[in-house]
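In: everything below, folded, please.
(chains A and B)
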There are 2 protein chains.
Amino acid sequence: MTANDGHGPATRPARVSTRTLQDGVKKTVLPSGLRIITEAIPTTRSTALGIWVGIGSRDETPTLHGASHFLEHLLFKGTHKRTALEISSQIEAVGGETNAFTTKEYTCYYARVLDADLPLAVDVLVDAVADSILDPADVETERGVILEEIAMHEDEPGDEVHDIFAEAIYGDHPLGRLISGTPDSISPMTRDQINRFYRRHYTAPEIVVAAAGNLDHAAVVRLVRKALAGTPLDTGPVEPAQPRAGDKRVRVRKARNLVLHRDTEQAHIVLGGPGVGRHDERRFALGVLNNVLGGGMSSRLFQEIREKRGLAYSVYSYAGHYADSGLVGVYAGCAPAKAREVLDLIRAELDRIAAHGITAEELVRGKGMAKGSYVLGLEDTGSRMSRLAKSELLHGDLMGVDEMLARVDGVTVGEVGAVATDLLAQPLSLAVVGPFDEDELPGW
Amino acid sequence: MTANDGHGPATRPARVSTRTLQDGVKKTVLPSGLRIITEAIPTTRSTALGIWVGIGSRDETPTLHGASHFLEHLLFKGTHKRTALEISSQIEAVGGETNAFTTKEYTCYYARVLDADLPLAVDVLVDAVADSILDPADVETERGVILEEIAMHEDEPGDEVHDIFAEAIYGDHPLGRLISGTPDSISPMTRDQINRFYRRHYTAPEIVVAAAGNLDHAAVVRLVRKALAGTPLDTGPVEPAQPRAGDKRVRVRKARNLVLHRDTEQAHIVLGGPGVGRHDERRFALGVLNNVLGGGMSSRLFQEIREKRGLAYSVYSYAGHYADSGLVGVYAGCAPAKAREVLDLIRAELDRIAAHGITAEELVRGKGMAKGSYVLGLEDTGSRMSRLAKSELLHGDLMGVDEMLARVDGVTVGEVGAVATDLLAQPLSLAVVGPFDEDELPGW
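Out: Have a look, this model is predicted:
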């Protein structure tokens, strides 16, 4: 075996190469370019397995809007070896669970099983992702399921407002569109269009198989190779894909207000603007800023809007990151008659933090929250597995736990103040779902 | 120290008694009747801490409807030692998280922290639960928060329909009412009413402190005793409370249909009826039945309604247990125009399983799901902590993992068929949230 991280030119691309990334963490690159990363955690009884594909809704043309998510559903509908019922029942019979999710930049298929059942889970999940049939009758049935999923989402205004906000920021760029697609894009999409998307994008170099739990790396590699043998992903030799590059077309919109009228009990509000991309050094300072601003019960927004005034039950801030872009926003759900007051309070708090930054005491608390949630999150095999895959797929590198904590610790009051000024001292966009009409907004 | 499980007559009630319940699990009863149960899990870095009170919304009179939940909010608003901000910021500064929830039968206040921060968490959480001020101004502010929480819930029809279903089953018994109360009950509730509820019900014998993680039992007991000293919970000697007894007044209603008109995109439906209580031996068979009927992707309802026909995204069955009663229901969210078809399919599946039971293959799968989810759930310190507290508070006994698995393994096809007939071959109640009027339902 040769040392090859899969991102430089491989000296012997036709061979399997394995190396140790960190204590307990090993990575193997198959000749096909498919990567396998595992973390051995001998103290657990379970294993989390994920097949991650570096393809999501931002890879879709307008005609294919929703294809990644539609495909994600269809991969559980049957392969040359298994029916849909066999896929789910084989995992569930041993007490495991399996599911999948699609994001704007990647798609993940995962299972959590007892350690002895990992061979079964690998066999079932690799089969589903590599060798699905996409039977035309199943495509029609699943189209109905997707349309119901879209309708269900429309009955969750506290979630839906975040989609409206993304549209306000990104306009008609794929990052501004719904991951699920819309009834208008899903209804006419054909089986052959989805199948072409599948075969064009679900290639070995785009795939990372990650596992964390009571496992042996070499055994996992053998299981994955055996499950891949003879499938359309049994290809090569090719280099693994690089992490997604920036997209020159990403242009955030000028600040604007979008309102979706719904007869809801609460007004659901997001106020915010562009943030920073995943590789931006300011992301650590932004993480601390977010914690101080609206990241917990001790945060400024929670204190001002909920604790002192009782105007909302749910109020928080958040930061999202993509390869080349990001967004920051504040959510609040409140009585429609109080929406303007709440919005004024949020704006005042954003102005204050953009102008004056945070205190030394807040810095300590913001860092403590970032470090604590990171460390506490590492006790779950699913989170550990996700950390491996996202690092490889999105960063091309696995940052150690100690380095991650050191990066957070290195953040200064000045850096937080600077990123607050950069992001919040600009005209912000507003998204609202509630019992309002569009023309009520300018008065705000 | 004497062996005293806290449920027989104590020989020396004024002394602290400690015993080992299981490998790694110890229980101490303080002279006040307050119980402390811990599980040492040396392989983790975190500790989950919970203060559980055996009081919930079913203990409320109509006038006090929502008092348990209102009180739960108020306990984070300040004590003689800490402001609301100090309560949350002290935990969050070390990266921990804290929160609480209220159910119909108990209330839980919890924190999750790194092991070194357990002393802090005990001090903060015990202080909040034992010695809150309930400042009148805070009561007014928090009233607004609760009213917003109720409004938020009304914007989540997929959750709200379960409340309508409980009302259909239990009518105006406290088990049929909203845990949160309603605007009509919350608006006039006074600080003194809530304070009397607090001091009457939050007594040492009703409280279980549970912790799981990298901890030492004797150290936790010392920390809890120190935190309790001088508070209103520093009382005794008294025996711990017994698990909640049955309530003679619980009478389930005759099957009926309740519809809540909302302009939603989906029809949200629950069909079901009375189930079995928490101590009923049939609960293990019912667990298997529930898994087979609607507990996963391989379940009958998922296969029939989603996989084969694409009529719903979300469809599942569930079983809820109280001290003396329970309920079973099937949820589906679907297009309003398809609601009748979906309902007919659910009824057909319930009739079939009530008449013919399940197959041997389904039995194996249903047991596998029950055992797997139980074992996989035990890897999380929060779940482990909850297991300790619920066992003590609700059962008065901690069933071992092996015994629990053996009980599931012992379930037979005949037992599952019998419980299916008992519960499902009777007129069932229907709850609907969607764009319907009450008089549209009889046609269904």
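In: count of neighbours near the closest residue to A:Ala151 other than its chain neighbours?
Out: Spatial nearest neighbour of A:Ala151, excluding adjacent residues (CB to CB, 6 or more residues apart in numbering or on different chains): B:Glu265 at 4.1 Å. (Glycine included, C-beta is placed from N, CA and C.) The number of residues packed near B:Glu265 is 19, by other CB atoms under 10 Å in any protein chain shown.
In: likewise for A:Gly294?
Out: A:Gly294: 26 neighbours (other CB under 10 Å).
In: looking at this, A:Ala210 is in a strand?
Out: Yes: counting by DSSP: H, G, I helix; E, B strand; the rest coil, A:Ala210 is part of a strand.
In: host element of the residue nearest to it when sequence neighbours are not counted?
Out: Closest residue to A:Ala210 apart from its sequence neighbours, by CB to CB, 6+ apart: A:Ala389 at 3.8 Å. Under the criterion of DSSP states H and E, A:Ala389 resides in helix A:381-390.
In: tell me what angle the helix or strand just after that helix forms with helix A:381-390.
Out: Once the chain leaves helix A:381-390, the next helix or strand it forms, by DSSP H and E, is helix A:401-409. Orientation check (axes from the mean of the first three to the mean of the last three CA atoms, to 10 degrees): helix A:401-409 against helix A:381-390 gives 80 degrees.
In: mind checking how far the helix or strand just after helix A:401-409 is from the chain centre?
Out: Past helix A:401-409, further along toward the C-terminus, the next helix or strand under DSSP H and E is helix A:413-424. Offset of helix A:413-424 from its chain centre (CA atoms, centre = their mean, to the nearest Å): 25 Å.
In: now do the residue nearest to A:Ala210 against chain B, distance only.
Out: A:Ala389 sits 20 Å away from chain B, going by CB to the nearest CB, to the nearest Å.
In: can you check A:Ser132 too?
Out: 14 Å.
In: for the stretch 51-200 of chain A, what lies in contact range of chain B?
Out: Taking CB under 8 Å from any CB of the partner chain as the criterion, the stretch 51-200 of chain A approaches chain B at residues A:76-77, A:84-85, A:88-89, A:92-98, A:112-114, A:140-149, A:151-152, A:154-158.
In: ok, back up a step: what about the residue nearest to A:Ala210, neighbour count?
Out: 24.
In: quick check: it touching A:Val208?
Out: Yes: using CB atoms under 8 Å, A:Ala389 is in contact with A:Val208, at 5.0 Å.
In: quick one on the thing from earlier: which residues sit against the helix holding A:Ala389?
Out: With contact meaning CB atoms under 8 Å, 6 or more residues apart in numbering or on different chains, helix A:381-390 is reached by A:25, A:37-39, A:41, A:44, A:46-50, A:52, A:106, A:108, A:110, A:112, A:208, A:210-213, A:377-378, A:398, B:379.
In: if we use 6 Å, what do you get?
Out: With contacts defined as CB atoms under 6 Å, 6 or more residues apart in numbering or on different chains, helix A:381-390 is touched by A:37, A:39, A:44, A:46, A:48, A:50, A:52, A:208, A:210, A:212-213, A:377-378.
In: separation between the residue of the stretch 201-350 of chain A found nearest chain B and B:Gly78?
Out: Of all residues in the stretch 201-350 of chain A, A:Gly310 sits closest to chain B, at 3.0 Å by CB to the nearest CB. Distance, A:Gly310 to B:Gly78, by CB to CB, to the nearest Å: 14 Å.
In: the residue nearest to A:Ser325 when sequence neighbours are not counted - how many residues pack around it?
Out: Take A:Ser325 and drop its neighbours on the chain: the residue closest to it by CB to CB, 6+ apart is A:Val250, 4.9 Å away. Neighbour count for A:Val250, taken as other CB under 10 Å: 18.
In: hmm, A:Leu74 and A:Ala84 touching each other?
Out: No: counting by CB atoms under 6 Å, A:Ala84 stays clear of A:Leu74, with 9.7 Å between them.
In: give me the domain ranges for chain A.
Out: Domains of chain A are assigned by automatic domain parsing as A:17-245, A:257-440.
In: start and end of the first one, how far apart?
Out: In other words, domain A:17-245. 25 Å (CA to CA, to the nearest Å).
In: same deal with stretch A:401-416?
Out: 22 Å.
In: check which helix or strand covers A:Lys226.
Out: helix A:217-228.
In: gap between that helix and the chain center?
Out: For helix A:217-228, the distance to the chain centre is 26 Å (CA atoms, centre = their mean).
In: give me the contacts around that helix.
Out: In contact with helix A:217-228 (CB under 6 Å, 6+ apart) are residues A:26, A:28, A:36, A:38, A:119, A:122-123, A:126, A:209, A:211, A:234.
In: name the element the closest residue to chain B within the stretch 301-444 of chain A belongs to?
Out: The minimum distance from the stretch 301-444 of chain A to chain B, using CB to the nearest CB, falls at A:Gly372 (1.1 Å). For A:Gly372, the host element (DSSP H and E) is helix A:360-377.
In: what sits against A:Thr28?
Out: A:18, A:36, A:221.
In: cool, and A:Ile358?
Out: A:292, A:416.
In: re earlier: mind listing what's buried along the helix holding A:Lys226?
Out: For helix A:217-228, the neighbour count (16 or more other CB atoms under 10 Å in any protein chain shown) marks A:217, A:220-221, A:223-225, A:227-228 as buried.
In: please apply the same query to stretch A:42-61.
Out: In stretch A:42-61, counting by 16+ other CB under 10 Å, buried: A:44, A:46-60.
In: now the residue at minimal distance from the centre of chain A: closest residue in space that isn't a chain neighbour?
Out: When CA atoms, centre = their mean is applied to chain A, the residue found nearest the centroid is A:Thr103 (5.2 Å). Of all residues not flanking A:Thr103 in the chain, A:Gly56 sits nearest, at 5.0 Å (CB to CB, 6+ apart).
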